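S.K.: Structural data only, the sequence is not supplied:
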């Protein structure tokens, strides 16, 4: 058994299969989950695990070269906006556009976050 890093076997396996340019949607419980991408649902109850906790864990495991979030996050969820601001090459688009883009994700990680617009589409990079 792993003793560090991500312990959820489905999430660890899904992350290991990602390649350069693949998209990972990290979303709150209210975001519609598109058909097609692999889903790892971590939601246990409202707020658990939080968007911040899941994003922090994923960023420790992934190389991210870009990110897309919802423009509305700035006003509706300043805490999530601060988290997104630290991501590389962040692009903010209208929420409806983010939902369209998320259909192309390879992996969806659903958190227990219950605050609006705590969603981001990460674009995987390479470590070399």
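M.R.: That came through fine. Just so it is clear, the model here is predicted, and its values are computed rather than measured. Numbers count the residues shown, from 1 in each chain.

S.K.: Tally up the residues packed near residue 69, please.
M.R.: 27 (other CB atoms under 10 Å). Where C-beta positions appear, they are placed from N, C-alpha and C, glycine not excepted.

S.K.: Wait, a helix at it?
M.R.: No: if the criterion is DSSP: H, G, I helix; E, B strand; the rest coil, then residue 69 is strand and not within a helix.

S.K.: Now that it has come up, it's in contact with residue 101, right?
M.R.: No: checked against CB atoms under 8 Å, the pair residue 69 and residue 101 is beyond contact range at 10.5 Å.

S.K.: which neighbours do the two share?
M.R.: Contact criterion CB atoms under 8 Å, 6 or more residues apart in numbering; residues shared by residue 69 and residue 101: 93, 121.

S.K.: now residue 110, nearest residue through space, not along the chain?
M.R.: With CB to CB, 6 or more residues apart in numbering as the criterion, residue 110 has its nearest non-adjacent residue at 4.5 Å, and that residue is residue 41.

S.K.: what's that neighbour sitting at in phi/psi?
M.R.: Reported as degrees, to the nearest 10, the phi and psi values for residue 41 are phi -100, psi 110.

S.K.: Next, work out how far apart the residue positioned nearest the centre of the chain and residue 120 are.
M.R.: In the chain, the residue lying closest to the centroid (CA atoms, centre = their mean) is residue 26, at 1.9 Å. The gap separating residue 26 from residue 120 is 5 Å, by CB to CB, to the nearest Å.
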